[in-house]
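**Student:** have a look; sequence and predicted model below, questions after that.
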Amino acid sequence: WMEVHLQPLVCFLRRLLDMIQSRDTGDIFSEPVDLSEVPDYSDVVTQPMDISTMRTKLENFQYSNLDAFEKDFNLMINNCMAYNSRDTIFYRAAVKMRDQGGALIRQARRDLEANG
Ligand SMILES: CCOC(=O)c1ccc2c(c1)NC(=O)[C@@H](C)N2
């Protein structure tokens, strides 16, 4: 039952995540932060999130609506802005992704409203 009813949402979110990923030109959000490369990351970030994890969650029907998807997107952005200081490439990439990805999510919500 869930697969049938959530499959359209899965397709919709898959396309949205593809568009969000295309904005990650530095490819810094695509995979989990490597904790062996960034040993103190877990001191600051208690719930890591990245695009590949969001993709796995959506394929496993773990997002029942756009709000749940947006919650993980915001977690990913906020983690980056918490760990990296303002004058870093990472922080500035998070600001850009917050703005550009946020606009894509806002348009997606309008599309869902229109299509029901
Ligand atoms: C090979 C080492 O990679 C990194 O240090 C690194 C690689 C990717 C990262 C990151 C760090 N920090 C971040 O906040 C998230 C957004 N992305």
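**Tutor:** That came in fine, so what should we check first?
**Student:** what sits against the spatially most central residue of the chain?
**Tutor:** Using C-alpha atoms, centre = their mean, the residue of the chain that lies closest to the mean C-alpha position is residue 73, 3.1 Å off. Neighbouring residues of residue 73 by C-beta atoms under 8 Å, 6 or more residues apart in numbering: 20, 54, 101, 105. Every residue, glycine included, has its C-beta placed from N, CA and C.
**Student:** repeat the analysis, applying 10 Å as the threshold.
**Tutor:** Counting by C-beta atoms under 10 Å, 6 or more residues apart in numbering, residue 73 touches 16-17, 20, 29, 49, 51, 54, 66, 97-98, 101-102, 104-105.
**Student:** residue 3 versus that one, what's the distance?
**Tutor:** Distance, residue 73 to residue 3, using C-beta to C-beta, to the nearest Å: 24 Å.
**Student:** circling back: out of the contacts of residue 73, which are buried?
**Tutor:** 16-17, 20, 29, 49, 51, 54, 66, 97-98, 101, 104-105 (16 or more other C-beta atoms under 10 Å).
**Student:** would you tell me which one of these comes nearest to residue 112?
**Tutor:** residue 66 (6.1 Å; C-beta to C-beta).
**Student:** can you give me the end-to-end distance of stretch 52-69?
**Tutor:** 13 Å (C-alpha to C-alpha, to the nearest Å).
**Student:** touching the ligand at all, that stretch?
**Tutor:** No. Using C-beta under 6 Å from any ligand atom, stretch 52-69 stays clear of the ligand, coming no nearer than 11.9 Å.
**Student:** so where's this protein uncertain?
**Tutor:** 116 (pLDDT under 70).
**Student:** and the helices in it?
**Tutor:** 2-23, 41-44, 51-59, 66-83, 89-115 (DSSP state H).
**Student:** can I get the ones you listed in JSON lines with distance to residue 33?
**Tutor:** Listed next are the helices of the chain as JSON lines, based on distance: least, C-beta to C-beta, whole Å:
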{"stretch": "helix 2-23", "distance to residue 33": "16"}
{"stretch": "helix 41-44", "distance to residue 33": "5"}
{"stretch": "helix 51-59", "distance to residue 33": "11"}
{"stretch": "helix 66-83", "distance to residue 33": "8"}
{"stretch": "helix 89-115", "distance to residue 33": "10"}
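**Student:** cool, thanks, signing off.
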